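In: Please work out how this folds:
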Amino acid sequence: EVQVVASGGGLVQPGGSRRLSCEASGLTFSNYGVSWYRQYPEKGRDWSAGITRCGAIRNGMSSVKDRFTISRDNSKNLVYLQMESMKSEDTAKYYCYVGASDGYVTATGYWGQGTQVTVSS
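Out: Residues are numbered from 1 along each chain as shown. Prediction:
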């Protein structure tokens with residue numbers, strides 16, 4: 001059974017940083033591109049960043065590409081999203097998608113359960 005677990009969310013002060021983690025099991029992780037998305041309440045999911053199987057980075061939204069960095073450690077089946085200089089508009093639920101790195105979702109991909117990030121003083 002494939003499991004994708006996102007973690008690391010919480011309360012962050014404006015200007016602060018946070019690192020999210022996405023761990024996958026039950027599949028050959030190094031065969032998959034991975035993306036991070038974020039979702040505001042009652043809105044769709046916006047693609048934040050993606051990383052290919054080999055570690056090439058694909059940037060998503062322009063509002064985050066200079067502040068968010070995606071990386072992966074295939075030896076640990078982990079993908080990270082390092083978020084810097086955080087703003088109130090970064091407050092959202094963040095989802096990890098294992099299956100593609102380019103912002104497209106397919107029927108053969110896997111979603112994590114999401115982790116809430118709140119930026120507030």
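In: Report the contact partners of the residue positioned nearest the centre of the chain.
Out: Taking CA atoms, centre = their mean, the centroid of the chain lies closest to residue 36, which sits 2.6 Å from it. Neighbouring residues of residue 36 by CB atoms under 8 Å, 6 or more residues apart in numbering: 20, 22, 47-50, 60, 68, 70, 79, 81, 94-97. C-beta coordinates here come from the backbone N, C-alpha and C atoms, glycine included.
In: Who wins on neighbours among the residues you listed?
Out: Using other CB atoms under 10 Å as the neighbour criterion, residue 79 leads these with 31 neighbours.
In: quick one: that one is in a helix?
Out: No - read with DSSP: H, G, I helix; E, B strand; the rest coil, residue 79 is strand and lies in no helix.
In: Is it in contact with residue 70, as I believe?
Out: Yes - counting by CB atoms under 8 Å, residue 79 touches residue 70, with 6.7 Å between them.
In: hey, what's in contact with both of those two?
Out: Common contacts of residue 79 and residue 70 (CB under 8 Å, 6+ apart): 34, 36, 51.
In: my guess is the first one meets residue 95, correct?
Out: Just to be clear, that refers to residue 34. No - when contacts are counted by CB under 8 Å, residue 34 is not listed as touching residue 95 (11.1 Å).
In: Give me the common contacts of these two.
Out: The contact sets of residue 34 and residue 95 do not overlap (CB under 8 Å, 6+ apart).
In: For the residue nearest to the centre of the chain, give the beta-bridge partners.
Out: For residue 36, the beta-bridge partners under DSSP bridges are residue 49, residue 96.
In: what's the pLDDT at it?
Out: pLDDT for residue 36: 96.
In: ok, it to residue 121 distance?
Out: For residue 36, the distance to residue 121 equals 24 Å [CB to CB, to the nearest Å].
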